[in-house]
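J.: when you get a sec, could you give me coordinates for this:
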Amino acid sequence: MAISLVYLLWSIPVLLAVSLVMAATRHERWDLICKQAISSAIWTLSFLGAIALGLAIAMWWIGTN
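T.: Numbers count the residues shown, from 1 in each chain. Below is the predicted model of the structure:
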């Protein structure tokens, strides 16, 4: 069962909110908050992308055997 694109788009505002809250708990200046939020969002997207890629490869490998 595939995930609809609409459900994946809901993750964007959640990711932004979590990144901003995490950054705001570490810094008080807006420039540092934005820099940390962007860094955190990129790291999280990279991590989730690596998991998705690993699952896609595993599903392809299982499907070909």
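J.: every contact and neighbour count from this point should use C-alpha atoms.
T.: OK.
J.: and the next helix or strand past the helix or strand of the chain with the lowest mean pLDDT?
T.: Using mean pLDDT, DSSP states H and E, the weakest-scoring helix or strand in the chain turns out to be helix 5-9, at a mean of 77. Beyond helix 5-9 in the direction of the C-terminus, DSSP states H and E gives the next helix or strand as helix 11-26.
J.: flag every buried residue along that following helix.
T.: L15, S19, L20, A23, A24 (16 or more other Cα atoms under 10 Å).
J.: would you list these in CSV and tack on distance to S40 and pLDDT?
T.: CSV is the format used below for the buried residues of helix 11-26 (distance: Cα to Cα, whole Å; pLDDT from 0 to 100):
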residue, distance to S40, pLDDT
L15, 9, 89
S19, 6, 92
L20, 9, 92
A23, 8, 92
A24, 12, 92
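J.: nearest to T64, of those?
T.: Closest approach to T64 among those (Cα to Cα): L15, at 34.2 Å.
J.: number of nearby residues for the residue lying closest to that closest one once chain neighbours are set aside?
T.: Nearest non-adjacent residue to L15, counting by Cα to Cα, 6 or more residues apart in numbering: A41, 6.6 Å away. Around A41 there are 18 other residues, counting by other Cα atoms under 10 Å.
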